[in-house]
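Participant: predicted model and sequence follow; I will ask about them next.
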Amino acid sequence: MEVSVGIMETSEVEIRFNGTYTSSHGEILSGVHVFNMQNLNSDQIIFSPESFKDSYFEIADVTIGKDFHWQQQEAQRFMGNLKLIRKGKIIIVINELPVEEYLRSVVSSEMKATAPLEFLKAHAVISRSWVISQIMHKNANKGMTGMIENGQECIKWYDHTQHIDFDVCADDHCQRYQGITKITNSNAIKAVTETTGLILTYYGKICDTRFSKCCGGAFERFDSCWGDETHPYLAEGRDLPHSPHLPDLTDEENATNWITNYPASLCNTSDRRLLQDSLNGYDRTTTDFYRWKVEYSQDELSDIVRTRSGIDFGDITDLIPLKRGVSGRIIKLRIIGSKKSMTIGKELEIRRILSRSHLYSSAFIVKKEKCENELQNIFVIKGAGWGHGVGLCQIGAAIMASKGYDFREILRHYYPSSTLSAISIK
C-alpha cells in the first residue's frame, strides 16, 4: 500500500537529487534542478529513483507548523517518488512511498525518534490507522468541516478535509511527515516494523485515532471539536491510569479550579531528560504546555479579534464562556464588543480568533485587570494543555512508556473500547 503526501505548494522549487532519477518523460536526472512555471513542460511529472534505498531528494525551505506558534522552515529529505503537478499558478510537490516507510518518518516527526520505544509503537499504530483510513475513504464526502452562522452565532469546525491531488498533507493539518531527516534512531524503524499491519478498530471499522500534544490532564470528546458525532473510544477521562473520575469540567467553577491548579496527570511533567528525548527541537521551545498564561491589553485584544475574525467588534469589553466540553475546553465563547457581540466556536476557531497564531488550547479562563495609570483593561487568559485533547496525549503517552507500560496498555488507556487488529498492507 502506497501513500501520496503533499509536501508544499509553490511557484518555484529547487530539488537536489541524490542518486539517479528517471522522469515519466524518460529524462535521467541527478544533482540540483529548479522547477518553475516556465520550465515545467507538463501538467504532471513523476521522478522515480533508480534505487529506493540508496536515493533521496532534498527540498530546502519546507514550511512546518503552518499558522501555529512554532511555524518555521527547514530542509527536508525524502525517499520514494517525487511528483510535481502544475495547477493554475502553483506547483504542488508530492512524495509517493509505501505506507510503512511513511510511518517511520511520521513517528519521528510528530515526536522524536529517541522517545521511549513503546510510545513510538503506540504512535505507529494510531498513525497507521489514521492514514489507511484516509486512503481507503479518500473519495468519501465526510462533511466534517462546516459552519453554522445566523448573525448571533458563528460556529466553525475544521477537520481533515479530503485533499484532491494527494492522500494526506505533511503538516499538522493531517499528521507531521518531515521525510527521512528526522529518523535519527533505529527505534523509529523498530517501532514500525514490530507493529506492521496493526491498527485500532471499533466493531470492525478503523478508529478515528485523534491525538494532541498535551491534553492538560483531561480528555475531550470528538463532538466538542468537530462534527456532532460521538465515538465511544474517544471518551472523556483523566490522564492518570487508575485515578478517580474527573470533576464535572463543564461547570464553570470546577473548570476554573482545574485550570488554575496543577492536578496530578501523566502530562504534568517537568522531566527534562524525557522531554528532551521525546520532543523535537521546535516543540521543546514550548515549555508551558501543561498550564500557560497570555496577557493582552484591551486595544491589542480588539485588534487581534478584528484581524483574525474579519469582524469589527469595536473595543472588546468581555469574553464569556457559554459552553465547555468535558475537559474544560470552551466550545462556545461570547465576545462582547462596543460595536457588536457574537458567539463563536468550536474549539479551534476560538483558539484562532484569540491569537495572532493560535492559543495553545481552548481550556482557559479569562480575568480582567485594570492596567496601572490607564483606563483600559488587561485581559489575562490562563489555560490548560496544548491542542484539542482528543485521543492520545503525546506527552502523557511518552510518560506512560517511561513508567513501563507497553504499547497495548497505552492504546487501551487513550482509546478505551477499541480493538487492536491486523490489516494486510500489501
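Facilitator: Received it, and whenever you're ready, just let me know what you need.

Participant: contact partners for Ala235?
Facilitator: Contacts of Ala235 were listed using CB atoms under 8 Å, 6 or more residues apart in numbering, and they are Phe219, Arg221, Pro416, Ser417. In this view, the C-beta of every residue, glycine as well, is placed from N, C-alpha and C.

Participant: and for Lys367?
Facilitator: Under the criterion of CB under 8 Å, 6+ apart, the contact list for Lys367 reads Phe379, Val380, Lys382.

Participant: please apply the same query to Ile46.
Facilitator: Contact criterion CB under 8 Å, 6+ apart gives Ser23, Ser24, Asn81, Leu82, Lys83, Leu84, Glu96 as the residues in contact with Ile46.

Participant: repeat the analysis, applying 6 Å as the threshold.
Facilitator: Contacts were defined as CB atoms under 6 Å, 6 or more residues apart in numbering; by that measure Ile46 touches Ser24, Asn81, Lys83.

Participant: can you name the residues bridging to it?
Facilitator: Beta-bridge partners of Ile46, counted by DSSP bridges, are Lys83.

Participant: now the stretch 51-200 of the chain, which segments are flagged as low pLDDT?
Facilitator: Counting by pLDDT under 70, the stretch 51-200 of the chain has low-confidence residues at 65, 67-70, 138-145, 160-162.

Participant: quick one, strands of it?
Facilitator: Listed from the start of the chain, the stretch 51-200 of the chain has strands (DSSP state E, counting those that start in this stretch) covering 56-64, 72-78, 81-87, 90-98, 146-149, 153-157, 168-169, 198-202.

Participant: same list (those strands) but as JSON lines, adding mean neighbour count and distance to Val366.
Facilitator: Putting these into JSON lines (neighbours: other CB atoms under 10 Å; distance: least, CB to CB, whole Å) gives the following:
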{"stretch": "strand 56-64", "mean neighbour count": "18", "distance to Val366": "31"}
{"stretch": "strand 72-78", "mean neighbour count": "18", "distance to Val366": "30"}
{"stretch": "strand 81-87", "mean neighbour count": "19", "distance to Val366": "43"}
{"stretch": "strand 90-98", "mean neighbour count": "20", "distance to Val366": "40"}
{"stretch": "strand 146-149", "mean neighbour count": "11", "distance to Val366": "23"}
{"stretch": "strand 153-157", "mean neighbour count": "17", "distance to Val366": "19"}
{"stretch": "strand 168-169", "mean neighbour count": "22", "distance to Val366": "33"}
{"stretch": "strand 198-202", "mean neighbour count": "20", "distance to Val366": "37"}
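
Participant: distance to Lys340 added to those strands, as JSON lines?
Facilitator: Putting these into JSON lines (distance: least, CB to CB, whole Å) gives the following:
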{"stretch": "strand 56-64", "distance to Lys340": "34"}
{"stretch": "strand 72-78", "distance to Lys340": "35"}
{"stretch": "strand 81-87", "distance to Lys340": "38"}
{"stretch": "strand 90-98", "distance to Lys340": "36"}
{"stretch": "strand 146-149", "distance to Lys340": "14"}
{"stretch": "strand 153-157", "distance to Lys340": "11"}
{"stretch": "strand 168-169", "distance to Lys340": "35"}
{"stretch": "strand 198-202", "distance to Lys340": "43"}
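
Participant: of all these, which one comes closest to Leu246?
Facilitator: Go through the strands of the stretch 51-200 of the chain one by one with CB to CB and the one that ends up closest to Leu246 is strand 198-202, at 22.3 Å.

Participant: what strands line up against the closest one, and which way round?
Facilitator: As defined by DSSP bridges, the strand partners of strand 198-202 come to strand 205-206 (antiparallel), strand 419-422 (antiparallel).

Participant: coming back round to it: ok, the contacts of Lys367 vs Asn254, which is closest?
Facilitator: Asn254 has its nearest neighbour among these in Lys382, at 15.0 Å by CB to CB.

Participant: got the phi/psi numbers for that closest one?
Facilitator: The phi and psi values for Lys382, taken as degrees, to the nearest 10, are phi -110, psi 130.

Participant: how about the contacts made by it?
Facilitator: Lys382 is in contact with Lys293, Ile365, counting by CB under 6 Å, 6+ apart.

Participant: please renumber so the chain begins at 49
Facilitator: Yes, from this point I'll number from 49; that puts the last item at Lys430.

Participant: identify the bridge partners of it.
Facilitator: Residues found in beta-bridge contact with Lys430 (criterion: DSSP bridges) are Lys341, Ile413.

Participant: check Lys371 too.
Facilitator: Under the criterion used here (DSSP bridges), Lys371 is bridged to Lys380.

Participant: does it touch Leu381 like I think?
Facilitator: No. Using CB atoms under 6 Å as the test, Lys371 is too far from Leu381 to be in contact (8.5 Å).

Participant: can you put the strands paired with strand 246-250 in JSON lines and add mean neighbour count and distance to Gly358?
Facilitator: Shown next, in JSON lines, are these (neighbours: other CB under 10 Å; distance: least, CB to CB, whole Å):
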{"stretch": "strand 253-254", "mean neighbour count": "14", "distance to Gly358": "37"}
{"stretch": "strand 467-470", "mean neighbour count": "14", "distance to Gly358": "45"}
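
Participant: okay, those in a markdown table with mean pLDDT and distance to Leu246 next?
Facilitator: Shown next, in a markdown table, are those (pLDDT from 0 to 100; distance: least, CB to CB, whole Å):
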| stretch | mean pLDDT | distance to Leu246 |
| --- | --- | --- |
| strand 253-254 | 94 | 12 |
| strand 467-470 | 96 | 6 |
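
Participant: where do the helices sit along the stretch 299-448 of the chain?
Facilitator: Secondary structure of the stretch 299-448 of the chain, counting by DSSP state H, counting those that start in this stretch: helices at 300-307, 320-326, 329-332, 346-357, 395-401, 442-450.

Participant: of all these, which one comes closest to Trp178?
Facilitator: With CB to CB as the criterion, Trp178 lies closest to helix 442-450 of the helices of the stretch 299-448 of the chain, at 13.8 Å.
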